[in-house]
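Undergrad: based on what follows, work out the 3D shape:
(one chain, ligands or ions: 1)
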Amino acid sequence: MIYGYAGKIALVDLSQQKVEEKELDQEVVELFIGGKGFLYYYGYKNIPPASDPLDPYANRLVVAAGGLAAHAPGASKTGFLAKSPLTRILCDTYAGQVFASKLRMAGYDVLIVYGRSPEPVYLYVENGRIEVRQASHLWGSYTWDTWMAVREETRRGASVAAIGPAGENRVRYANIMVDGFRAAGRCGLGAVMGSMNLKAIAVWGSIQPARADGEGWRKRFVQVYRELREEPSARAWARYGTNDGVSTCARLSMCPAWHWRRPWLSEDEAEKLSGDTVLSRQVPVNVYSRYAGVVWGWACPLKCSKLVSPRVKGLEHIVVKPEYENLAMLGLNPGIMDVDKVLYIQWLVNNLGMDSISYGETVSWLAELVETGVIEPSKLPQPSPSPGFSNPDYVIEAAKLTAQRRGVGAVLAEGEARAAKILGAGENVAVHVKGLEAPAWDPRGRRGLAISYATADIGASHLRGWPPRHEPPSKGPAKDTVADMLRDRDWKALLDSLGLCSFIPYTPAHIEELYAAVTGVRRKAEEMMLVGWRTEALARIHSALAGLTPSQDTIPGKWMEPIPQGPRRGERAVRDERDLEEAIREYYRLRGYHPVYGVPLPETLRKLGLDWAVSDAKKALEAMKQPSG
Ligand code: SF4
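TA: Residues are numbered from 1 along each chain as shown. The predicted model follows:
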């Protein structure tokens, strides 16, 4: 028995409607912990690098509960991984709330789903059993409606991960929505579910995983919960969460406003989408309490989530209080400064089942191309609304067309990099890394952030480590920030592997004590953080075998242009090309990757306990050394 874990993984073949179960391996637990670690281990082992992401017989959807799911305050994160239809490389993405804890209490740590069902289906997982259920009646429905319907058909307390019309139509950045409110947003894993004819996965369980020291765990749980709740930053966090981010990005010149052309905003402008402006739309407690059981992460001590509603007649839908990324990519990026319209757009995009970052970036990019005369609106595939900034109707109508892949939506559904190829224009102003559209923090406002984006294994991600100090890029060489950024990257990877919300101010001691009480194994957080390096090393080998080259460890041209206005006027994401190159080399050096090709070296893999990946790394290196045809 492995204390704390359900001890089982399930492989679900949708084409045969067969389920095979395997025992969780002790050595895999030691090296990979859970959550993110399991995603990369099982993803690496089960998804061939050359596979087509939309081939359901080759790709796999891996779902994993974190090592502390069902055991720790705020263990809210469920991890999903597949080969991304957007970037063609492995990608992990996470959603909050309670799915992971329920999955473990249903008797599983990991689900691996593949194949294509002849008809739309959903999976229902309950107490050691997995059923494949008919879902034709749900096909075409919004993510919220799917959540409600599947709960009715299974259990009211079931947690449901569902796709919307965008996933069904294989929009390359379709997301997976968990319990109506939370998005596993990035990289188009909703399209992978769509390719399998899989509308949803519902989980419910009542099996308590055994803990090594039940009494000790109970005491420590209560103590940690109190400490986290009473932590001085918790009160402010509980009020705003990330939704006061627009004020922050405005002050620090880090906004993506008007498609990255206005990183700095005045206080008056920022106020239109500030945390307090959003909170003025909070819905009354009686409406709120109907959903309260599912709004927060599992046993969360902070409870930053709230519900809000736009004040526009006919559009008064309930939406979860937007994260900064939603406000910035659906508001600032397309220049929409009307909070009610932004809340409505968030509701629509979540219900259609699309990543708000990738959609917001792609639709804003097209607005810039039209505004600057690069593209004639009449030349766009029809139907098409008229692309332009500060035009909510454009963003709303384009979202509906994108989810259906109709007219201009068929182009937008491909994501920015492919859309530029289709239209034959705009790659020079596209803001993506490795094909993944950039999140909402402009690295021209913070030294070293560009290096995190450039080296993140999945493409532009704001969750792969931040440089700890806030300094402008002109302050010093970017390479001096790499070591600290990697430390933050590995800390976040540990939280994702344990399934803990990264907004909660956990300390290494909290993690060490809870993990020991649950599993009976005393480990230092420092040593557990190696999971970040391991998963990244596997991701880089897999990507290299899939054809990615080190030239893609870079940043988009827009971030090399100087900030045009405000206190940080003239700043670029890095000082110059050489500064970027030196920082990337430093990253390869610190990680033990090949100094030119960026592939993990055999001695690095052995040090990480990944000897079995050495021959793949050698193959990847040889492939890179071949002159490309
Ligand atoms: S801190 Fe906020 S986002 Fe994190 S688990 Fe709690 S409610 Fe969810």
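Undergrad: tell me the phi and psi of the residue in the stretch 301-450 of the chain that the ligand sits nearest to?
TA: Per C-beta to the nearest ligand atom, Cys304 is where the stretch 301-450 of the chain lies closest to the ligand, at 3.4 Å. Where you see a C-beta, it was placed from the backbone N, CA and C, and this is true even at glycine. Main-chain torsions, Cys304, degrees, to the nearest 10: phi -80, psi -20.
Undergrad: isn't it right up against Ala234?
TA: No - when contacts are counted by C-beta atoms under 8 Å, Cys304 is not listed as touching Ala234 (9.2 Å).
Undergrad: how about Glu513, secondary structure?
TA: Secondary structure state of Glu513, per DSSP: H, G, I helix; E, B strand; the rest coil, is helix.
Undergrad: for it, give me its contacts.
TA: Counting by C-beta atoms under 8 Å, 6 or more residues apart in numbering, Glu513 touches Arg220, Val224.
Undergrad: if we use 6 Å, what do you get?
TA: Going by C-beta atoms under 6 Å, 6 or more residues apart in numbering, Glu513 touches Arg220.
Undergrad: gap between it and Glu168?
TA: Distance of Glu513 to Glu168, given as C-beta to C-beta, to the nearest Å: 45 Å.
Undergrad: same drill for Cys304 and Ala234, tell me which one is more crowded.
TA: Neighbour tally, Cys304 and Ala234, criterion other C-beta atoms under 10 Å: the higher count belongs to Cys304, 23 against 19.
Undergrad: what does the pLDDT read for the more buried one?
TA: For Cys304, the pLDDT comes out at 89.
Undergrad: isn't it right next to Tyr240, touching?
TA: No - Cys304 is beyond contact range of Tyr240, at 7.2 Å (criterion: C-beta atoms under 6 Å).
Undergrad: what's the closest non-adjacent residue to Gly194?
TA: Leaving aside its chain neighbours, Gly194 sits nearest to Gly167 (4.1 Å; criterion: C-beta to C-beta, 6 or more residues apart in numbering).
Undergrad: for that neighbour, pull up the helix or strand it's in.
TA: helix 165-168 (DSSP states H and E).
Undergrad: please name every helix or strand in contact with that helix.
TA: When contacts are defined as 3 or more C-beta pairs under 6 Å, 6 or more residues apart in numbering; DSSP states H and E, helix 165-168 sits against helix 189-195.
Undergrad: pull the CA atoms of the helix it packs on into PDB?
TA: Below are the C-alpha coordinates for helix 189-195, written out as PDB (Å, rounded to 0.1, in the frame of the first residue of the first chain):
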ATOM      1  CA  LEU A 189      -6.800  20.000 -24.600                       C
ATOM      2  CA  GLY A 190     -10.600  20.500 -25.100                       C
ATOM      3  CA  ALA A 191     -10.000  19.800 -28.800                       C
ATOM      4  CA  VAL A 192      -8.300  16.500 -27.800                       C
ATOM      5  CA  MET A 193     -11.400  15.500 -25.900                       C
ATOM      6  CA  GLY A 194     -13.500  16.500 -28.900                       C
ATOM      7  CA  SER A 195     -11.400  14.300 -31.200                       C
END
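Undergrad: pLDDT on the helix or strand that that helix is followed by, on average?
TA: Remark: after helix 189-195, the chain's next helix or strand is strand 198-204, criterion DSSP H and E. Mean per-residue pLDDT for strand 198-204: 98.
Undergrad: swap in stretch 286-299?
TA: 75.
Undergrad: count the neighbours of Glu536 for me.
TA: Glu536 has 24 nearby residues by other C-beta under 10 Å.
Undergrad: could you find the closest non-adjacent residue to Glu603?
TA: Glu603's closest residue in space is Gly592 (C-beta to C-beta, 6+ apart), at 6.8 Å.
Undergrad: wait, isn't the one you found in contact with Pro602?
TA: No - using C-beta under 6 Å, Gly592 is not in contact with Pro602; the gap is 9.7 Å.
Undergrad: contact partners for the residue in the stretch 501-629 of the chain positioned nearest to the ligand?
TA: In the stretch 501-629 of the chain, no residue comes nearer to the ligand than Cys501, which is 3.3 Å away by C-beta to the nearest ligand atom. Cys501 sits next to Gly74, Ser76, Gly297 when contact means C-beta under 6 Å, 6+ apart.
Undergrad: switch to 10 Å and redo it
TA: Contacts for Cys501 (C-beta atoms under 10 Å, 6 or more residues apart in numbering) come out as 72-77, 94, 96, 296-298, 300-302, 304, 495.
Undergrad: quick one: which two of those residues are the most distant?
TA: Within the contacts of Cys501, Tyr94 and Pro301 form the most distant pair, 18.9 Å apart (C-beta to C-beta).
Undergrad: more crowded one of the two?
TA: The neighbour count for Tyr94 versus Pro301, taken as other C-beta under 10 Å, is higher for Tyr94 (28 against 21).
Undergrad: now do the SS call for the more buried one.
TA: strand.
Undergrad: same check, this time on Val62
TA: Going by three-state DSSP: Val62 is strand.
Undergrad: find the nearest non-adjacent residue to it, please.
TA: What sits nearest to Val62 in space, not counting adjacent residues and going by C-beta to C-beta, 6+ apart, is Leu81, at 4.6 Å.
Undergrad: neighbours of the one you found, how many?
TA: Residues near Leu81, counting by other C-beta under 10 Å: 31.
Undergrad: ok, it - contacts?
TA: Here Leu81 is in contact with 36, 38-40, 42-44, 47, 60-64, 90-94, 112, 184, 187, 189, 192, 458, 535, 539 (C-beta under 10 Å, 6+ apart).
Undergrad: next: Glu267.
TA: Contact analysis of Glu267 by C-beta under 10 Å, 6+ apart lists Ser247, Ala250, Arg251, Ser274.
Undergrad: can I assume the first one is in contact with Asp268?
TA: Translated: Ser247. No - the pair Ser247 and Asp268 does not pass the contact test of C-beta atoms under 10 Å, sitting 11.3 Å apart.
Undergrad: of the two, who's got more company?
TA: When neighbours are counted by other C-beta under 10 Å, Ser247 comes out ahead of the other of Ser247 and Asp268, with 20 against 8.
Undergrad: pick out the residue in the protein sitting closest to the ligand.
TA: Gly297 (2.5 Å).
Undergrad: the closest residue to that residue other than its chain neighbours: neighbour count?
TA: Excluding the flanking residues, the one nearest Gly297 by C-beta to C-beta, 6+ apart is Ser76, at 2.5 Å. Using other C-beta under 10 Å, Ser76 has 29 neighbouring residues.
Undergrad: returning to what we had before: tell me the SS of the residue nearest to Val62?
TA: strand.
Undergrad: one step back: quick check: neighbours shared by Cys304 and Tyr240?
TA: Common neighbours of Cys304 and Tyr240 (C-beta under 10 Å, 6+ apart) are Lys321.
Undergrad: returning to that earlier point: farthest pair within the contacts of Glu267?
TA: Arg251 and Ser274 (11.2 Å).
Undergrad: which of the two has more neighbours?
TA: Legend: neighbour count by other C-beta under 10 Å for Arg251 and Ser274, higher for Ser274 (22 against 16).
Undergrad: from the contacts of Glu267, which single one is nearest Tyr124?
TA: Proximity of these to Tyr124 (C-beta to C-beta) peaks at Ser274, which lies at 41.9 Å.
Undergrad: list the contacts for the closest one?
TA: Going by C-beta under 10 Å, 6+ apart, Ser274 touches Tyr240, Asn243, Asp244, Gly245, Val246, Ser247, Thr248, Ala250, Glu267, Ser280, Leu327, Val339.
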